[in-house]
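Generate coordinates for the sequence data below:
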Amino acid sequence: MKEKINISIKSHFISLKWLLIYLVVLIIILLYFYVKIDFDGILVFAFFSLFQIVPSIYLHFMYFSIDKNKLVEFNDDEIKLTIKNQVYIYKTEDIDKIIIFKSANMDKYGIPFMVFENYYFTKILLKSNSNFILTSLLDNRIEEKLKKIKNVKFEREKGYSFFKF
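Numbering: from 1, shown residues only. You can find the predicted model right below:
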């Protein structure tokens, strides 16, 4: 197994997919209420939508700033991380554990209640007491790819943990 991941246009759209769907539905609902009912209370509905939109945009820019210059290669026994032409190779014996910070609602058969719940990240803790972060903006299936690395301990932190850096 040898896979390379980095931020691409496709990964941007995959991460923003639910936000874009939400915005389209929101615009349709707001137009319906305004045209059919002439309801001025739609501003209240639009205001509460900010709780969906603002965290999603914040996380997207935050994750982009973390991963914008990274190229990651996965093998069975190592992670090769390239940041601005600097290459770091981490063998499985260098890795203490990998912690996955992901909403419990994004598990199999889970239902996300907030648009920003599809963002998550992993923290790779090294035995040298350093660490690095890989976000779902690199690849929305990064958890699956990391789990293919052999002989590494995995932990999972559930909840709204995608804000914990």
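
and Val152, that one's in a helix?
No. Note on Val152: no helix contains this position according to DSSP: H, G, I helix; E, B strand; the rest coil, which reports coil.

Return the residues in contact with Glu93.
Contacts here follow Cβ atoms under 8 Å, 6 or more residues apart in numbering; on that basis Glu93 touches Lys127, Asn151. Placement of C-beta: from N, CA and C, glycine included.

backbone phi and psi for it, please?
Note on Glu93: its backbone torsions stand at phi -70, psi -10 [degrees, to the nearest 10].

likewise Arg141?
Arg141 adopts backbone torsions of phi -120, psi 30, taken as degrees, to the nearest 10.

Equivalent analysis for Val152, please.
phi -120, psi 140.

show me the residues around it that make contact.
Each residue near Val152 by Cβ under 8 Å, 6+ apart is listed here: Thr92, Ile95, Lys97, Ile98, Leu146.

Can you tell me which of those are buried?
Applying 16 or more other Cβ atoms under 10 Å to the contacts of Val152, the neighbour count classes Ile95, Ile98, Leu146 as buried.

taking those one by one, which sit in strands?
Mapping these onto strands (DSSP state E) picks out Ile95, Ile98.

where's the dip in pLDDT among the buried ones among the contacts of Val152?
In terms of pLDDT, the least confident member of the buried ones among the contacts of Val152 is Leu146, at 86.

helices and strands around the longest helix anywhere in the chain, which ones?
Scanning the chain for the longest helix, with DSSP state H as the assignment, gives helix 42-67. When contacts are defined as 3 or more Cβ pairs under 8 Å, 6 or more residues apart in numbering; DSSP states H and E, helix 42-67 packs onto helix 9-32, strand 131-135.

quick one, it and strand 131-135 angle?
Using axes from the mean of the first three to the mean of the last three Cα atoms, to 10 degrees, one finds that helix 42-67 and strand 131-135 are set 130 degrees apart in direction.

Moving C-terminal from helix 42-67, which element do we reach first?
Note on helix 42-67: by DSSP states H and E, the next helix or strand toward the C-terminus is strand 70-74.

Quickly run through the sheet partners of whichever helix or strand comes after that next one, with directions.
The element immediately downstream of strand 70-74 (helix or strand, assigned by DSSP H and E) is strand 78-83. Strand 78-83 pairs in its sheet with strand 70-74 (antiparallel), strand 86-91 (antiparallel), by DSSP bridges.

Just the CA coordinates for the last one, please, in CSV.
What it means is strand 86-91. Provided in CSV are the C-alpha atoms of strand 86-91 (Å, rounded to 0.1, in the frame of the first residue of the first chain):
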residue,chain,number,x,y,z
GLN,A,86,11.4,19.3,3.7
VAL,A,87,10.9,15.5,3.9
TYR,A,88,10.2,13.8,7.2
ILE,A,89,9.9,10.0,7.4
TYR,A,90,8.3,8.4,10.4
LYS,A,91,8.6,4.7,10.8
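
Before I go, just wanted to say thanks for your time.
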